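Enquirer: let's see this in three dimensions:
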Amino acid sequence: MAGLKLAGSGVISELFTVLAWGTSPMPNIPSFMTDSDPVSASDSSGLPLLVRAWWQNRLKLVGVALGTLAVGALILVSVHFLSPGHREATLTFRLLFKGVEQGQYPNGMRFTPADIIAEPVLREVYQRKQSGLGGRSFDDFRTAFGVVPHNPALADFRRDFKPRLAAGGLSSVQRASLEDEYVSRRRALENVEYTLVMRLDGTVEDAGSLLEEVLAVWGEQSRSLGVFKFNRNVYSPNLLASLSSYDEDYLMLLDRLRITTDRILTNMEELGTIPGAALVRAGERGVSLGELELLMRDEVRYRMSLIEAQVYELGLYRSQVLSATYVSEQLVRLEREATEISSRAGAVERALATYSASRSRMGDGVAGAMDSGSGGNLMPQISEGFLDRVLGMANPEADIAFRQSLSRQVADFGRALANLESERRIYTRSQENLSKMESVSERARDRMDAAVERDIAQLIESLKRSLTELGLLHEEISRRDLEPDRIHSVIRPTSLRAVATTSPTRLGVVLFGTFAVVLGGTLVNLGWKAARPTFGSR
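Expert: Predicted coordinates:
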C-alpha cells in the first residue's frame, strides 16, 4: 500500500514536470511510461497506460484546452455585450422624520420602505406624468419601481465581522460577548438611507423628475394620512352638525349641547397632556390651549344659563309630555349606571383590602418561620408556594405599583359617581320645572322662542369656532414636535446606469464549467482509445 502511494505521488510530480516541458522531448522518461514496463501489461488499474496515452497526445490536449477557452470566452463575451440589457435610473435619499429608525411614522404608525412606492402613490404620479410616458400602461409603470436600502458601511462591517463569528474554538461566554458586540455595532451603523430604482425604457423622457415626483407625492399623501400629527382624537365642527336643527324640544336640545360641550372640554384636556402644548398659539385670535378652554367655559356658562332660564322658568316646551318622559328616562339611566359603578368600586375596594391583609399575614408568617427555624433546619417547613410568595415580597416596586393601580381604579369610580350625581341634579331640576310652567301669551311665546333660537345658534357658532381653533392647535403642536421641515433629503442625485442581463461572475462559472467538461471528455476519449486494444486482447 505504501508503495502504491509513493508511486502515485511520483506520477503526479512527473506529470507537472511534463506540463512544464510542453512539447520538448521528455528526458528521463519514467519506467512506467515505456513499453518495456512490466507493470503496464499487468496493472489492472490501467493508470500507466492512460498517462502514456495522454502524454503522447499532449499537443492535442493543449490545443483542445486553449481552443475551448478561446471559443468559450469569445461566445460568452459576445453574449454579455450583445444580450438585451436594460437601463435603470437611481436616486439615493435619506428620511428625516422622527421614529423612522424604529420603523415608525412620528405618530406611531408602522413605516416600511414599500410605502414610498405604494400603489396610491404611483397611481397619482402616473396621472400627473402620463403625457411623458409615451403611452406606457400603469401596470408596466408600477412594476418598474423598487426601493432598496443604501448602507455601504453596514455591508463592509458584515463582511469584516463574518470571519469572527464563524471562528471555532470560542466558549459560550466569548460567543455571547461577540454577538452582543455585533448587535451594538450593527445598530450604530444603521441608517435610514434608501435608493429609489426605476427600470427605464424608450418611453421615459425625464427619469430624474419622475423619481423626485414619487418622493413628493409620497410626502403629500403621508401628510394627508396624519402620520405627522399626534395620535389624538381631536373633534372637528362636524360634531355639531346634528345640533343645528330645532325640530326637537328645547330641553332635549340643551341636554345634547351640554353633553357635547363636556366632550369638547375633555378633548382639550387630552390635547393638553402633550409636552409643550400649553406654549403653542394658533388661529385668527392667536389663542393658546388654556385660553381657549377658559373662553369656551365662560361662553357656555353665560349663554347656557341664559337659555336655560328662559326655557325652565317660562316653560318653553313644545311638548311637555315628551320632555317629562325624556327626563324620567334619563334619571332611570343615571340610577342604573350609578348602581353598576358602585358595585365595581366595591369589588375593587374589597380586592385592595384582601390583598393588603394577605401581605400583612405573609409578613407575619415569614417572621414566625424564621424565628422557629433559627435553632434547626428551616427548609422542610417551607413549601414551594410559600417561597414564591416570599420572593414576590422581595419586589416592593411591583407591590407598590399594584396597590396604586387598585387605588386609581377606586378614585376613577369615585369621580364617575360624582359626575353622575351632578347630572342627576340637572335632570331633577328639569323635572321640577316641568311641574310649574307659567302661562304666557302666544305673542310673548313667539318672541321668546325667537330669542332662544338666536341664543342657541350663537352658542353653536361659538362652539364651532372653538373646535376649529382646537384643530389648528393640534396641527401646530404636531408640526412643531413631529413634522420636520423636510421629510427627506437627496444624498445622490439621479443617475443612469446600464444593467446587463448576465453578470460577469455567472459568465465565468459557465466558462469554467464548459472548459472542464470539454477537457474531461477529451481525456476520457483518449484513455478509452488507448485501453480498448488491451481490453480486446483480454
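
Enquirer: would you mind finding the longest strand in the protein?
Expert: Longest strand in the chain, counting residues (DSSP state E): strand 488-499.

Enquirer: for that strand, packing partners?
Expert: Helices and strands touching strand 488-499, as assessed by 3 or more Cβ pairs under 8 Å, 6 or more residues apart in numbering; DSSP states H and E, comprise strand 86-95, helix 207-224. For every residue, glycine as well, the C-beta is placed using N, CA and C.

Enquirer: pull up the gap between Val332 and Arg429, please.
Expert: The spacing between Val332 and Arg429, counted by Cβ to Cβ, to the nearest Å, is 17 Å.

Enquirer: so which of the helices and strands packed on strand 488-499 gets nearest Leu473?
Expert: Ranking the helices and strands packed on strand 488-499 by distance to Leu473, with Cβ to Cβ as the measure, places helix 207-224 first at 17.5 Å.

Enquirer: so after that closest one, what's the next helix or strand?
Expert: As assigned by DSSP states H and E, the chain's next helix or strand after helix 207-224 is helix 250-271.

Enquirer: what mean pLDDT does whichever helix or strand comes after that following helix get?
Expert: Sequence-wise, the next helix or strand downstream of helix 250-271 (DSSP H and E) is strand 281-282. On average, the pLDDT along strand 281-282 is 91.

Enquirer: tell me where the stretch 351-500 of the chain has helices.
Expert: Per DSSP state H, counting those that start in this stretch, the stretch 351-500 of the chain has helices spanning 384-393, 396-434, 442-481. These are given in chain order.

Enquirer: can you redo these as a markdown table with distance to Pro163?
Expert: As requested, these are exported to a markdown table (distance: least, Cβ to Cβ, whole Å):
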| stretch | distance to Pro163 |
| --- | --- |
| helix 384-393 | 44 |
| helix 396-434 | 44 |
| helix 442-481 | 45 |
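
Enquirer: tell me which of the ones you listed sits most buried.
Expert: helix 442-481 (a mean of 17; mean count of other Cβ atoms under 10 Å).

Enquirer: helices and strands around that one, which ones?
Expert: Taking 3+ Cβ pairs under 8 Å, 6+ apart as the contact definition, the neighbouring helices and strands of helix 442-481 are helix 250-271, strand 281-282, helix 289-314.

Enquirer: tabulate those in CSV, adding columns for distance to Val71 and mean neighbour count.
Expert: Rendered in CSV, the data for those read as follows (distance: least, Cβ to Cβ, whole Å; neighbours: other Cβ atoms under 10 Å):
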stretch, distance to Val71, mean neighbour count
helix 250-271, 77, 17
strand 281-282, 77, 18
helix 289-314, 81, 16
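
Enquirer: out of the ones you listed, which comes closest to Ala357?
Expert: helix 250-271 (36.7 Å).

Enquirer: outside of that closest one, which residues touch it?
Expert: Contacts of helix 250-271 from elsewhere in the structure, counted by Cβ atoms under 8 Å, 6 or more residues apart in numbering, are 230, 232-235, 239-240, 243, 246, 277, 289, 292-293, 296-297, 300, 304, 307-308, 311, 316-318, 323, 326-327, 330, 426, 430, 452, 456, 459-460, 463, 466-467, 470, 473-474, 477.

Enquirer: from the chain's centroid, how far away is that helix?
Expert: 37 Å (Cα atoms, centre = their mean, to the nearest Å).

Enquirer: so which of the helices of the stretch 351-500 of the chain comes closest to Arg142?
Expert: Taking Cβ to Cβ, helix 442-481 is the member of the helices of the stretch 351-500 of the chain nearest to Arg142, at 31.5 Å.

Enquirer: element containing Gly146?
Expert: strand 145-149.

Enquirer: mind listing residues that contact that strand?
Expert: Contact partners of strand 145-149, identified using Cβ under 8 Å, 6+ apart, comprise 113-114, 116-117, 122, 193-199, 214.

Enquirer: average pLDDT for that strand?
Expert: 89.

Enquirer: got it, and stretch 354-371?
Expert: Taken as a whole, stretch 354-371 has an average pLDDT of 60.

Enquirer: next: stretch 58-69.
Expert: What stretch 58-69 shows for mean pLDDT is 77.

Enquirer: buried ones in it?
Expert: Of the residues in stretch 58-69, those with enough neighbours to count as buried (16 or more other Cβ atoms under 10 Å) are 61, 64, 68-69.

Enquirer: pick out the most distant pair among these.
Expert: Leu61 and Leu69 (12.7 Å).

Enquirer: hang on, the earlier thing: redo the helices of the stretch 351-500 of the chain as JSON lines? Include distance to Gly134 and mean pLDDT.
Expert: Putting those into JSON lines (distance: least, Cβ to Cβ, whole Å; pLDDT from 0 to 100) gives the following:
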{"stretch": "helix 384-393", "distance to Gly134": "73", "mean pLDDT": "49"}
{"stretch": "helix 396-434", "distance to Gly134": "65", "mean pLDDT": "82"}
{"stretch": "helix 442-481", "distance to Gly134": "40", "mean pLDDT": "86"}
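
Enquirer: ok, which of those helices comes nearest Arg223?
Expert: Comparison of these against Arg223 by Cβ to Cβ identifies helix 442-481 as nearest, at 10.1 Å.

Enquirer: now that closest one: how far from the chain's centre is it?
Expert: Between the mean C-alpha position of helix 442-481 and that of its chain there is a distance of 41 Å (Cα atoms, centre = their mean).

Enquirer: right, so of the helices and strands packed on strand 488-499, which gets closest to Arg186?
Expert: For the helices and strands packed on strand 488-499, distance to Arg186 was read as Cβ to Cβ. The smallest value, 18.5 Å, belongs to strand 86-95.

Enquirer: so what strands line up beside the closest one?
Expert: Using DSSP bridges, the neighbouring strands of strand 86-95 in the sheet come out as strand 193-200 (antiparallel), strand 488-499 (antiparallel).

Enquirer: pick the most buried one from those.
Expert: strand 193-200 (a mean of 19).

Enquirer: contacts for that one next, please.
Expert: Outside strand 193-200, the residues touching it (Cβ under 8 Å, 6+ apart) are 86-95, 113, 116-117, 144-151, 204, 207, 210-211, 214-215, 491, 496.

Enquirer: what about it, average pLDDT?
Expert: Across strand 193-200, the per-residue pLDDT values average to 88.

Enquirer: ok, now stretch 223-238?
Expert: When pLDDT is averaged along stretch 223-238, the result is 87.

Enquirer: stretch 336-344 too?
Expert: So the average pLDDT for stretch 336-344 ends up being 90.

Enquirer: with stretch 87-96 instead?
Expert: The predicted model gives stretch 87-96 an average pLDDT of 88.

Enquirer: before we move on, what about stretch 528-537?
Expert: Stretch 528-537 comes out with an average pLDDT of 62.

Enquirer: most centrally placed residue in this protein?
Expert: Ranked by distance to the mean C-alpha position of the chain (Cα atoms, centre = their mean), the top residue is Arg110 at 3.6 Å.

Enquirer: just put the helices and strands packed on strand 488-499 in CSV and tack on mean neighbour count and distance to Leu482.
Expert: Written out in CSV, the entries for those read as follows (neighbours: other Cβ atoms under 10 Å; distance: least, Cβ to Cβ, whole Å):
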stretch, mean neighbour count, distance to Leu482
strand 86-95, 18, 14
helix 207-224, 17, 11
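
Enquirer: with distance to Ser171 added, can I get these in a markdown table?
Expert: Supplementary listing: the helices and strands packed on strand 488-499 in a markdown table, determined by distance: least, Cβ to Cβ, whole Å:
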| stretch | distance to Ser171 |
| --- | --- |
| strand 86-95 | 41 |
| helix 207-224 | 49 |
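
Enquirer: in the stretch 1-150 of the chain, what spans have low per-residue confidence?
Expert: Applying pLDDT under 70 to the stretch 1-150 of the chain flags residues 1-48, 50, 76, 78-86.
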